[in-house]
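# below is the structure, and that's it, no one-letter string:
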């Protein structure tokens, strides 16, 4: 539960590259440097945009693909 609260605070607090990396790291529970649809299900917005973030359509979101969120 604490991880969920921290993740929510990170999403709301900043869009810097550091914060985006922290969010990615928090979501990447299996630490493979890729986010699966299962890992992002914690957040309905990320679930909804997962396919859009997955630019190469490999079924995963890399750190580079995830970094576009800091631009919004």
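Great, that's in hand. Only a predicted model underlies this, so the values are computations on that prediction, with no experimental measurement involved. Numbering: from 1, shown residues only.
# only C-alpha atoms from now on, for both contacts and neighbour counts.
OK.
# report the central residue of this structure.
residue 24 (4.4 Å; Cα atoms, centre = their mean).
# so where does the closest residue to residue 57 other than its chain neighbours fall, helix or strand?
Nearest non-adjacent residue to residue 57, counting by Cα to Cα, 6 or more residues apart in numbering: residue 51, 7.4 Å away. Secondary structure from DSSP states H and E places residue 51 in helix 44-53.
# avg pLDDT for that helix?
For helix 44-53, mean pLDDT is 94.
# next structured bit after it?
strand 61-62.
# where along the chain do the helices fall?
With DSSP state H as the criterion, the chain has helices at 2-13, 17-27, 37-40, 44-53, 63-66.
# residue ranges with poor pLDDT in the chain?
1-20, 72 (pLDDT under 70).
# picking that back up, number of residues surrounding the residue nearest to residue 57?
Neighbourhood size, residue 51 [other Cα atoms under 10 Å]: 16.
# for residue 50, see how far away the residue nearest to the centre of the chain is.
Residue 24 sits at a distance of 13 Å from residue 50 (criterion: Cα to Cα, to the nearest Å).
# tell me the contacts of the residue nearest to the residue nearest to the centre of the chain when sequence neighbours are not counted?
Of all residues not flanking residue 24 in the chain, residue 63 sits nearest, at 6.9 Å (Cα to Cα, 6+ apart). Going by Cα atoms under 8 Å, 6 or more residues apart in numbering, residue 63 touches 21, 24, 33-34.
# distance to residue 68 added to those residues, as CSV?
Formatted as CSV, the contacts of residue 63 follow (distance: Cα to Cα, whole Å):
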residue, distance to residue 68
21, 11
24, 12
33, 16
34, 15
